[in-house]
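A.B. asks: this one's structure only:
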């Protein structure tokens, strides 16, 4: 039973991480309708994490189909965390330069 609860929690967190990253990207005016365009735009400012963003998005889709293991879901969370951190750090740097 505990393993099932843990897996359910990881899946909920993955959904929330995806939503949080999408909300932040939307607030930064990234195109949200098309993953390829969004990834292409991300690659300009964040070339180091765009590959991981694509992977996290693919894992989220696999999860929706019931095809992602717990370890794969954990990896997606790390990818989303890295992108979110990059987006926040870039905003802080941008604000410091323009203040």
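C.D. replies: Arrived safely, thanks for sending. Note that this is a predicted model, so its numbers are computed, not measured. Residues are numbered from 1 along each chain as shown.

A.B. asks: ok, residue 85 to residue 44 distance?
C.D. replies: Between residue 85 and residue 44 the computed distance is 18 Å (Cβ to Cβ, to the nearest Å). C-beta here means a position set from N, CA and C on the backbone, and glycine is covered the same way.

A.B. asks: can you pick out the residue with more neighbours from these two?
C.D. replies: Neighbour tally, residue 85 and residue 44, criterion other Cβ atoms under 10 Å: the higher count belongs to residue 85, 11 against 8.

A.B. asks: who does the helix or strand residue 90 falls within touch, helix- and strand-wise?
C.D. replies: Taking DSSP states H and E as the criterion, residue 90 maps to helix 70-97. Helices and strands touching helix 70-97, by 3 or more Cβ pairs under 8 Å, 6 or more residues apart in numbering; DSSP states H and E, are helix 2-27, helix 50-64.

A.B. asks: the shortest one - what's its average pLDDT?
C.D. replies: The average pLDDT within helix 50-64 is 89.

A.B. asks: buried residues in it, which are they?
C.D. replies: Neighbour-count burial for helix 50-64, counted by 16 or more other Cβ atoms under 10 Å, picks out 50, 52-54, 56-57, 59-60, 63.

A.B. asks: before we move on, what about the longest one?
C.D. replies: Of the residues in helix 2-27, 10-11, 14, 17-18, 21, 25 count as buried by neighbour count, 16+ other Cβ under 10 Å.

A.B. asks: just how off-centre is the helix or strand following that helix within its chain?
C.D. replies: Helices and strands here follow DSSP H and E; after helix 2-27, the next one along the chain is helix 35-45. Put simply, helix 35-45 sits 13 Å off its chain's centre (Cα atoms, centre = their mean, to the nearest Å).

A.B. asks: please apply the same query to stretch 71-84.
C.D. replies: That offset, for stretch 71-84, works out to 7 Å (Cα atoms, centre = their mean).

A.B. asks: show me the contact partners of it.
C.D. replies: Contacts with stretch 71-84, where a contact means Cβ atoms under 8 Å, 6 or more residues apart in numbering, come from 10-11, 13-14, 17-18, 20-21, 24, 42, 46, 49, 52-53, 55-56, 59-60, 62-63, 68.
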